[in-house]
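Q: sequence and predicted structure, then a few things I'm wondering about:
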Amino acid sequence: MTGVQGSIGVLQGSIGVHGFAGWLEATSASDAIKSASWVIPLLQSIHILTIGIVFISFLMIVLRVLGVMRTDEPVDAVWTRFAPWMWSGLVVMAATGITLVVGEPEREFGTVSFWLKMLLVAIGVTGTALYGRSLRSAAAGASTVFPVSAKAASVLMVILWIAVIFLGRAIAYDKQVWGALSPHA
């Protein structure tokens, strides 16, 4: 019985997230990323810069919806100006993020902050796409004043993206942030 239980434990470990992280850590791609001491800091810097681009681009659109900035421009024009920066930033952020995960899979997959960040990024990208579609159809080129519901959605989306930024930074401090909930506790 012990041999079977041990085999099941090994199989579960090899199939689970930690098993995948261990496998990924042993790949030549991971070794290549880790072998140059400058690669991970460079990727992290680019990743952080692009979340700034994404956030500020989105914030400019939100500030127009809230009636704080660019009120002389139609929302469609503001969206057209800032959305390409936002979407391009998300692409670069995804590319650097995936590369960072390949370079440090144990560090990333082993944190609560990483998994929450990934969940919020998925919600944020989907929400931002839907938000943009609803804004553009509601505004239809007009200089519109938006209802309270649209303004509330705008604020909630800003809070969501701030949470993504916080959780990205919290990955390095997962144990301190989450305490007993962290796998490293």
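A: Cool, got the structure. Residues are numbered from 1 along each chain as shown.
Q: and the residue most central in space within the chain, how far is that from V54?
A: Centroid-nearest residue in the chain, with C-alpha atoms, centre = their mean: V121, separated by 3.8 Å. Remark: distance between V121 and V54 (C-beta to C-beta, to the nearest Å) = 10 Å. Using the backbone N, CA and C atoms, a C-beta is placed for each residue, glycine as well.
Q: any shared contact partners between those two?
A: Common contacts of V121 and V54 (C-beta atoms under 8 Å, 6 or more residues apart in numbering): none found.
Q: re earlier: look up the closest residue to the residue nearest to the centre of the chain, ignoring the ones flanking it.
A: V164 (5.7 Å; C-beta to C-beta, 6 or more residues apart in numbering).
Q: spit out the contact partners of the one you found.
A: Per C-beta under 8 Å, 6+ apart, neighbours of V164: 51, 117, 120-121, 124.
Q: and the pLDDT for T2?
A: Looking at T2, its pLDDT stands at 48.
Q: under the pLDDT cut-off, which ranges of the chain? List them.
A: 1-15, 139-143, 184-185 (pLDDT under 70).
Q: can you map out the helices along it?
A: 2-15, 17-25, 28-35, 39-65, 75-103, 105-109, 112-139, 148-170, 174-178 (DSSP state H).
Q: buried residues, the fifth one. List them.
A: By that I understand helix 75-103. Neighbour counts over helix 75-103 (16 or more other C-beta atoms under 10 Å) mark 75-76, 78-79, 82-83, 85-86, 89-90, 92-93, 96-97, 99-103 as buried.
Q: now do stretch 135-154
A: Those would be 135-136, 139, 144, 146, 150, 153-154, for stretch 135-154 by 16+ other C-beta under 10 Å.
Q: ditto for stretch 163-182
A: 163-165, 167-168, 170-171, 174, 177-178, 182.
Q: same check on stretch 19-29?
A: 21, 24-25.
Q: list just the nearest of these to H47.
A: Distance to H47 across these (C-beta to C-beta) is lowest for L24, with 18.1 Å.
Q: so who does that closest one touch?
A: Applying C-beta under 8 Å, 6+ apart, the residues contacting L24 are 30, 101-102, 105.
Q: farthest-separated two in those?
A: S30 and V101 (9.3 Å).
Q: quick revisit: any chance of the contacts of L24 in TSV, plus distance to V65?
A: Formatted as TSV, the contacts of L24 follow (distance: C-beta to C-beta, whole Å):
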residue	distance to V65
S30	42
V101	33
V102	37
P105	39
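Q: check contacts around the nearest residue to L59 once chain neighbours are set aside.
A: In space, and not counting its chain neighbours, L59 is closest to V158: 6.5 Å by C-beta to C-beta, 6+ apart. Residues in contact with V158 (C-beta under 8 Å, 6+ apart) are 58-59, 62.
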